[in-house]
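A.B. asks: Please find the sequence and the predicted model below.
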Amino acid sequence: MKNISESTFYFIAGHGRGWAFSSSDLAGRFARQQIDNALSDLAEASKIRRVARGLYDYPRFSDLLQKTLSPDIDQVAYAYARKFSWRIEVSGDSALNLLGLSTQIPAQYVYLSDGPSKSYNVMGVQLTFKKSSLKDIGFKHRESTLIVQALKALGKEHLSAEMFAKIREQIAKESFAKILRDTQGSTGWIYEAIKQIMSDDERI
């Protein structure tokens, strides 16, 4: 069992800190009972964290604050989507919060989904999926949808260099090129804004 737990942990750690997942993400590696036992052992050893029923994450740690950070809600939402084979799209207001563009503390994070309407408690945070017609689901990368939805919620008239800088801070530089390719079909002003964000261009 030790080898199974170690192998499971290496697989999880390979996705990086903040990754959220369920046992279905490990399907095919071992038998279901072996996976469940391994996850239970890893959670007990504090190597992973149980964030909701049937869902875990590889928690992020802040050196500055010297504490474990809250779950990445966007990662958790996509873990649910994989678990239930849903397609999802973050709502505009939630995208603003996830990118640090809103000063309001959200009562809940909302994602549109082609699955049933559901709500989950994720360590005290409400994550809600609303059955809806998905308009921007064509993007390959979750970061693309996040940025496009945030820009739509802001509106062209409210864009600023400060907003661009805040978005840029939330996106890994190695993702810039793939986001630019992924969002080429977006509305003109949105794609122009994304190009500025990804190129460190301060112009508006």
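C.D. replies: On my side now, so go ahead.

A.B. asks: make it CA atoms for all contacts and neighbour counts henceforth
C.D. replies: Fine.

A.B. asks: what's the residue positioned nearest the centre of the chain in contact with, if anything?
C.D. replies: With distances taken as Cα atoms, centre = their mean, D74 lies nearest the centre of the chain, 2.5 Å away. Shown in contact with D74 (Cα atoms under 8 Å, 6 or more residues apart in numbering): L98.

A.B. asks: Relative to D93, how far out is it?
C.D. replies: Per Cα to Cα, to the nearest Å, D74 is found 13 Å from D93.

A.B. asks: okay, K156: pLDDT?
C.D. replies: Listed pLDDT for K156 reads 93.

A.B. asks: Begin at 18 from now on, thanks
C.D. replies: Let's use 18 as the start, then, which means that last one is K173.

A.B. asks: Might you report the residue contacts of it?
C.D. replies: W206, I207.

A.B. asks: Check L129 too.
C.D. replies: Taking Cα under 8 Å, 6+ apart as the test, what L129 contacts is I105, E106, V107, S108, F146, K147, K148, S149, S150, L151.

A.B. asks: isn't the fourth one right up against I164?
C.D. replies: No - applying Cα atoms under 8 Å, one finds S108 not in contact with I164, separated by 10.8 Å.

A.B. asks: of these two, who's got more company?
C.D. replies: I164 (26 against 20; other Cα atoms under 10 Å).

A.B. asks: Now K135: closest residue in space, sequence neighbours ignored.
C.D. replies: F146 (5.1 Å; Cα to Cα, 6 or more residues apart in numbering).

A.B. asks: got it, and D199?
C.D. replies: That would be F156: by Cα to Cα, 6+ apart, it lies 6.0 Å from D199.

A.B. asks: What mean pLDDT does stretch 85-93 get?
C.D. replies: For stretch 85-93, mean pLDDT is 94.

A.B. asks: hang on, I meant stretch 41-49
C.D. replies: Mean per-residue pLDDT for stretch 41-49: 91.

A.B. asks: got the contact list for that stretch?
C.D. replies: I21, T25, S40, I52, R99, K100.
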